[in-house]
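Q: Sequence first, then the predicted structure:
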Amino acid sequence: MSKFFSSQGKTNMDQTNVRISAENGLSFEPGQTIGIYIPPSIKYFSGKDSYLQFDVELKNDVGTKPTRLQLDSGIGANALISSLRVYAGNREQLLEENTEYASYVSVKYDYSRTDTEQNKRCIAEGCGAWTPDTRGTQGTTKSISNNFMHSPYMKALNQGVGEALTDDINTALWSNTDFIKAKMTIPIHSGVFANQDKIFPSLLTNGVYVEITLAQTRNIFRQMDSVIKDRRPNLNPIFHGVDDAGAVLPDSTGVATKDILLNTSNSVNNPGQCPFVCGETINFGKISDAGATTSVLDAVAEIETITTSAGGRVQLTLKDAVKLTGAQVVDSGNWFVYSESCLNGGVGLANWGATYKVSDVEMIVHQITMSPEYEKGMLSDVRQGGVVEFDIPSVAVQTHSTLKTDYQASIPLNLEYSRCKSILCVPTDATIYAPNLQTCGGGTYIQTQDHDVAGFVEDGIIKSNRTGLEGCSNSLTAYSFWLNGRQVPSRDISTKKATDKAGGMDANYLIELEKSLVSAGIHVKNFSEYNRNFVVGRMLAHSSDAVFDGRGRSCRLNVRYEGLTAVTQPTVNMLWKNFIFHLRKLVIKGDTIMVEV
């Protein structure tokens, strides 16, 4: 037995965190590049325990109508990163890159989400989280994009002036002073850092250089879900009347009013729980048709104060008196209130814009200190002709465009990697929307809606406010992968039910998706976003140790759109973001650093 079991030498280790500031500036604007150099003096570090820390502050441009803003609720501050590149310390040898970083993180986070993890990401990474303070009471699905009471981006309550939720909001217009600096702590989702379980030997690569390109402002900001006309309108405040008795909004023959009262549905119990802010412009949408019918007012309805009425309801007092034009009837309980500050009907949209500023950027590197004997032995082996090999789980990005009229499309995939793991294809909306419409989901593609419009779905309608970031099903009917001339699996995978806007599931599609996500190293815990962040996947390796040699093999994805009606046909042009998950090998021999794919 003594020959069978043998004790191994122990290696003493010490662990400390080292702060490294960005080397090319103290603050950064959209589109700029952040450079961080981890010197070889940090000889070893744990990438999964290292993270990026910085402050971010949102800001409205002059002329923009007031409204609450936040970063993407699904991925938080990760949305600020457009592309990521990791180099060896010589800044010439590229170890890995991801040019569609935010889309990759959105897939990873949406399908690995649990309530506990989402709450943690809310605190550390600026993501959204469901909170009972702003919950819906009309049967809507839970929204993580409606946490305006505990948002890290803005002051508490409406404008940060009250000490209690019941305090009236009688102050100046919402302005940039109501936004605050938010401290963000995000992991770096790459094979050298968050996706790596092994200790990285940076002394052999002369350190590591991280290059981060910040995203432009077009697809960064989001309004709160409970003020948007086209995203969960059933979550919006509901019109009670112009007085506590529930009188209708005056028509063209009546006397204009400044008072708009809300009922207590959807947790609008007091001014502190009202999702609107002073200066925001509002309008009314009909609940029965999910806002397809909107009111026509004779003046702009701009909120001046938010108070409590004599009957205990939230009262919005307008800057100017308004009434309806024509013979419309906006009556109690049948109309919801929404924000027009970002919609085409709003005022000042010619100058609409928002931006952000990133400052105090630091990399918190989890340094591992090895014993001198271990380090000396490894360096001796390298100098004597030895080779150090290190695997990096990496993601390659390939893009391909298709038109909405391409009902039968073939998408080529390049698998020229020796150790492939999985393929994830994310079809995104290629339309360029104005920043204000992107922020509120105005005029974007429909994700959820009953076919006859007047039917029932929990949220009424959901349009995307993450276009270009998340997958768009676009009424895909079926797909199939062809690998080296053979169809895998042997039959087409139907997605007809999964892409139906009224809801539905295809078991085979979900099974194939789960296998491809697991093989890509994404721990699948949640499928709630399967029809909103739509992904087509193919597993290439069956276990954590298995790999697929894609060199010299042809691969393509065939997609079919065979809907016969207006609601089952593709509506937008597509940009397919195809992520090829594979293992790269970092080979270090003497002073030579090579990356084998």
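A: Cool, the structure landed.
Q: Residue 465 - how many residues pack around it?
A: 27 (other C-beta atoms under 10 Å). All C-beta spots, glycine's among them, are computed from the backbone N, C-alpha and C.
Q: likewise the one 5 residues further on?
A: Number of residues near residue 470 (other C-beta under 10 Å) recorded here: 26.
Q: same thing with residue 167?
A: Taking other C-beta under 10 Å as the definition, residue 167 ends up with a neighbour count of 17.
Q: quick one: low-confidence parts of the stretch 451-597 of the chain?
A: Scanning the stretch 451-597 of the chain for pLDDT under 70 picks out 451-456.
Q: Sorry, slip of the keys, the one I care about is the chain.
A: Applying pLDDT under 70 to the chain flags residues 1-12, 62-63, 157-164, 170-172, 345-351, 381-385, 451-456.
Q: per the record, what domains does it have?
A: Following the assignment in automatic domain parsing, the chain carries domains at 225-348, 390-430+468-597.
Q: residue boundaries of the helices in this structure?
A: Secondary structure of the chain (DSSP state H): helices located at 101-111, 115-125, 372-383, 435-440, 507-519.
Q: With just CA atoms, put the last one into CSV.
A: Below are the C-alpha coordinates for helix 507-519, written out as CSV (Å, rounded to 0.1, in the frame of the first residue of the first chain):
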residue,chain,number,x,y,z
ALA,A,507,-38.8,20.8,-26.6
ASN,A,508,-36.2,19.8,-29.1
TYR,A,509,-35.1,23.4,-29.5
LEU,A,510,-34.6,23.8,-25.8
ILE,A,511,-32.7,20.6,-25.4
GLU,A,512,-30.3,21.5,-28.2
LEU,A,513,-29.9,25.0,-26.7
GLU,A,514,-29.2,23.7,-23.3
LYS,A,515,-26.6,21.2,-24.6
SER,A,516,-24.8,23.9,-26.6
LEU,A,517,-24.8,26.3,-23.6
VAL,A,518,-23.4,23.7,-21.2
SER,A,519,-20.7,22.7,-23.7
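Q: got the buried residues for that helix?
A: For helix 507-519, the neighbour count (16 or more other C-beta atoms under 10 Å) marks 509-510, 512-519 as buried.
Q: Report all helices and strands that that helix contacts.
A: Using 3 or more C-beta pairs under 8 Å, 6 or more residues apart in numbering; DSSP states H and E as the contact test, the elements touching helix 507-519 are strand 420-429, strand 486-494, strand 536-539.
Q: Mind jotting down where the strands sit in the stretch 51-200 of the chain?
A: Assigned by DSSP state E, counting those that start in this stretch, the strands in the stretch 51-200 of the chain fall at 70-71, 81-88, 94-98, 182-186, 199-200.
Q: would you list the ones you listed in TSV and tack on mean neighbour count and distance to residue 314?
A: As requested, the strands of the stretch 51-200 of the chain are exported to TSV (neighbours: other C-beta atoms under 10 Å; distance: least, C-beta to C-beta, whole Å):
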stretch	mean neighbour count	distance to residue 314
strand 70-71	26	22
strand 81-88	20	38
strand 94-98	20	45
strand 182-186	19	27
strand 199-200	22	54
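Q: And those: which comes nearest residue 468?
A: Closest approach to residue 468 among the strands of the stretch 51-200 of the chain (C-beta to C-beta): strand 81-88, 11.2 Å.
Q: What pairs with that closest one, parallel or antiparallel?
A: Each strand pairing with strand 81-88, determined using DSSP bridges, is listed with its direction: strand 94-98 (antiparallel), strand 208-214 (antiparallel).
Q: now what about that strand, what contacts it?
A: With C-beta atoms under 8 Å, 6 or more residues apart in numbering as the contact definition, strand 81-88 has outside contacts at 93-102, 188-190, 192-193, 205-216, 593.
Q: Show the buried residues in these.
A: Applying 16+ other C-beta under 10 Å to those, the neighbour count classes 93, 95-102, 188-190, 192-193, 205-215, 593 as buried.
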